[in-house]
Structure formats: structure tokens, C-alpha cells
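Q: Let's see this in three dimensions:
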Amino acid sequence: MAHESSWRTVAARPGRSVWTLTWVAAGLIASSGSARAQSQNESAKTADAARAADSSKAGEHAKTESDLAKQSQNPVANLISLPLQYNYYTAGGLGENSEMVLNVQPVLPVPIGERWLVISRTIVPFVSIPFGDGFQSGGTADIEEEAFFTKTEPEKLTWGVGPIFSFPTASNRFARTGQWGMGPTAVALVTPGPWVIGLLANNVWRIGGRASNGHVLNTFTLQPFINFNLPLAWAISTSPLITADWSAPEGERWTVPIGVGVSKITHIGDQPMSFELQYYHNLKDPTPAGAEQLRLEATLLWPVARAKKKKSK
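A: Model (predicted):
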């Protein structure tokens with residue numbers, strides 16, 4: 001009966017019940033609106049924080065790219081790198097055929113005390129050489145190893161000297177020398193203003209092994225490099241690879257290309273990278289060689305010196 005009495009009491013005062021429900025509904029709506037506004041404010045704050053973080057990261061990336069521009073153009077910089085250099089040759093003695101070389105060139109600086117470095121540069125060439133009627137022969141050519149002794153801190157004239165070794169590791173029969181080689185290598189460069197200008201040279205002589213087809217290993221390499229750095233980590237560059245095969249007949253020894261290209265330092269995610277595109281035409285080359293060359297290079301960069309400075313701070 002008590003339950004029935006309560007029901008009758010409420011039923012007898014319908015106006016009060018309606019007002020009570022109205023106030024409850026209004027309270028719920030107000031509470032919901034407040035929660036929604038708070039959620040929107042938090043979302044806006046999160047979005048602002050994300051934009052600020054992205055802006056800060058973009059600024060840091062831009063500074064890193066600017067710092068790395070000249071450093072990546074210095075063959076003896078205190079910089080770990082992994083260049084992947086693709087070279088495409090055609091025309092000339094190749095006619096409508098093409099020859100391709102992918103050089104994998106890991107570079108590792110090894111400190112010797114606080115003042116000196118040994119820059120280890122390994123060159124592993126993967127080749128595709130035309131033969132016969134439209135056939136290509138793939139594989140590797142001989143691996144080379146260079147070691148430059150240089151100072152840790154760059155100077156007005158930066159230099160590096162050391163040995164170069166050639167190992168008879170070729171799996172491609174057309175690129176095989178069958179010989180061990182060794183010789184001196186050296187590099188020197190200056191960096192006035194936006195420029196990086198330098199010269200790398202070496203000569204490799206046979207020190208062992210059997211010469212393939214009687215062709216004795218004795219090769220000279222001269223590589224001038226000129227880079228003019230632009231804003232936003234762009235650069236105009238040239239680095240022709242001039243070579244001489246002293247064992248070849250007179251008139252067939254020299255390869256002398258001329259050309260130019262562009263490069264850019266950027267980030268893929270948080271990984272700094274350098275990209276380069278260059279074109280060369282041979283002013284002089286051996287009869288069977290291609291006369292036109294396209295060079296594409298992508299390099300992963302790990303700035304050792306910058307990391308050490310940050311750590312010391």
C-alpha cells in the first residue's frame with residue numbers, strides 16, 4: 001500500500017514531476033556541452049602541440065641539412081655514410097647497348113686519438129656488361145679499399161693520404177683482372193664561402209696474381225670535384241672520374257668525361273640523406289667504352305661530429 005500511495009502522490013502532482021524532469025534534462029545537456037567543449041579544447045591543444053613539434057622538427061631538420069651540405073661533399077669528413085651510386089653508360093663504343101655499374105661505398109671514420117682519423121672507404125661494384133647480340137653479363141668487379149689518414153678538425157686546406165688496395169674478387173668474367181693491386185691515394189680540398197673544391201688521385205699497380213689475357217693492372221684515377229652550395233641544402237656539382245689504363249695501347253688509355261649535376265640534402269623520416277643526379281659526356285675514351293654517362297646517387301648519412309658535440313653539451 002505504501003508503494004501505491006507514493007505513486008498516487010506523484011500522479012496527483014504532474015506539474016512538479018514535469019519541472020523536475022526538465023531540470024534534470026537541462027542539467028544533463030549542460031554537462032554534456034561542457035564535456036564536449038572541454039574535449040574540443042583538449043583536442044585543439046593537442047593539435048597545437050603537434051604542429052609546434054612538427055615545426056620544431058622541421059627547423060631542426062633544416063639546420064641539420066645545412067650543416068651536412070659541405071660535410072657530405074668532403075671525402076675525408078668525420079661522417080659515417082653509405083653511398084649507393086648507380087652509373088649508366090651508353091652510346092660511343094657501346095652503340096645502342098648499355099653498361100651499368102652500381103657502386104656500394106660504405107665510409108667509416110675511425111678515430112686515432114683526438115687529433116687524427118682514418119677514413120675507411122670501401123668500393124663494391126656490381127656490374128652489368130653487354131656482350132654478344134643483346135646479352136648482359138652481371139656480377140661483381142674487383143673490390144677496392146681506400147684508407148685516408150687525416151686530421152679530425154677540417155682546416156683551410158683539408159687533406160688526406162693513405163694506401164689503396166684492389167682485391168681480385170670479381171665474379172664477372174669481363175670485369176675480372178685476377179690480380180692483387182696496391183698504390184697511394186690522396187685527397188685535398190678547400191671550402192671558401194659556398195664552395196667545396198678539391199681533387200682526389202690514386203694509382204694502383206699489380207703486386208700479385210695472374211694477369212687476365214696478359215693485361216697487367218696499372219690504373220690511374222683523377223677526380224676533381226667542385227660544389228657550389230645553394231639555399232635549402234641544394235648544390236650544383238661536378239665530379240668527373242678521369243682514368244688512365246697505362247697497360248692499354250697508346251690512344252686507348254684515357255677516359256676524360258665532362259659534365260654537371262645537382263644534389264640535395266633532405267630527410268626521409270628522421271634519416272638525413274643526400275641525393276645526386278649528374279650527366280657526363282666523354283671528351284676522350286677507349287674505343288669500346290660508352291660516351292654518355294648518367295649518374296644517380298643516394299647516400300645515407302650519420303653525422304658523427306654533430307652527435308659528439310651535442311653529447312658534450
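Q: When you work out contacts or count neighbours from here on, use the C-alpha atoms and nothing else.
A: Fine.
Q: Return the set of buried residues in stretch 264-281.
A: 264-267, 272-281 (16 or more other Cα atoms under 10 Å).
Q: got the contact list for it?
A: Stretch 264-281 is contacted by residues 61, 64-66, 68-69, 72, 233-235, 237-238, 240, 257-263, 291-302 when judged by Cα atoms under 8 Å, 6 or more residues apart in numbering.
Q: same deal with stretch 149-167?
A: Residues outside stretch 149-167 that contact it (Cα under 8 Å, 6+ apart) are 76-78, 111, 114-119, 142-148, 179-191, 202, 204.
Q: rewinding a little: among the buried residues of stretch 264-281, which are in strands?
A: Per DSSP state E, strands hold the following members of the buried residues of stretch 264-281: 264-267, 272-281.
Q: follow-up on the earlier one: TSV please, covering the buried residues of stretch 264-281 and showing pLDDT.
A: As requested, the buried residues of stretch 264-281 are arranged in TSV below (pLDDT from 0 to 100):
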residue	pLDDT
264	97
265	96
266	95
267	94
272	95
273	96
274	97
275	98
276	98
277	98
278	98
279	98
280	98
281	98
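Q: Format those as CSV; extra columns: distance to residue 244.
A: CSV is the format used below for the buried residues of stretch 264-281 (distance: Cα to Cα, whole Å):
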residue, distance to residue 244
264, 31
265, 32
266, 35
267, 38
272, 35
273, 32
274, 29
275, 28
276, 25
277, 24
278, 21
279, 20
280, 17
281, 16
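Q: so which of those comes closest to residue 214?
A: residue 281 (30.0 Å; Cα to Cα).
Q: what are the ranges of the strands in the stretch 51-200 of the chain?
A: Along the stretch 51-200 of the chain, counting by DSSP state E, counting those that start in this stretch, strands occupy 80-90, 98-104, 107-112, 116-131, 135-140, 143-151, 158-167, 179-190, 195-209.
Q: How about residue 242: which residues does it bridge to?
A: residue 222 (DSSP bridges).
Q: Contacts only, for it.
A: 221-223, 254-257.
Q: what's the pLDDT at it?
A: Residue 242 carries a pLDDT score of 98 in this model.
Q: now residue 26
A: With respect to pLDDT, residue 26 has a value of 59.
Q: cool, and residue 131?
A: Residue 131 is assigned 89 on the pLDDT scale.
Q: I figured it hits residue 137, correct?
A: Yes - using Cα atoms under 8 Å, residue 131 makes contact with residue 137 at a distance of 7.1 Å.
Q: Grab the nearest non-local neighbour of residue 134.
A: Leaving aside its chain neighbours, residue 134 sits nearest to residue 97 (7.2 Å; criterion: Cα to Cα, 6 or more residues apart in numbering).
Q: measure that neighbour to residue 208 for me?
A: Counting by Cα to Cα, to the nearest Å, the gap between residue 97 and residue 208 amounts to 34 Å.
Q: gap between the closest residue to residue 151 other than its chain neighbours and residue 154?
A: Spatially, and ignoring its direct neighbours in sequence, residue 151 is nearest to residue 116 (4.5 Å; Cα to Cα, 6+ apart). Going from residue 116 to residue 154 by Cα to Cα gives 11 Å.
Q: now swap in residue 304 and tell me
A: Following Cα to Cα, the distance that separates residue 304 from residue 154 is 14 Å.
Q: How about residue 205?
A: Applying Cα to Cα to residue 205 and residue 154 gives a distance of 31 Å.
Q: More neighbours: which of those two?
A: Ranked by neighbour count (other Cα atoms under 10 Å), residue 205 and residue 154 place residue 205 first, with 20 against 17.
Q: beta partners for the more buried one?
A: Counting by DSSP bridges, the residues bridging with residue 205 are residue 182, residue 218.
Q: isn't it right up against residue 179?
A: No - contact between residue 205 and residue 179 fails when scored by Cα under 8 Å: they sit 9.4 Å apart.
Q: overlap in contacts of those two?
A: Contact criterion Cα under 8 Å, 6+ apart; residues shared by residue 205 and residue 179: residue 217.
Q: got the buried residues for stretch 81-101?
A: When neighbours are counted by 16+ other Cα under 10 Å, the buried residues of stretch 81-101 are found to be 81-92, 94, 97-101.
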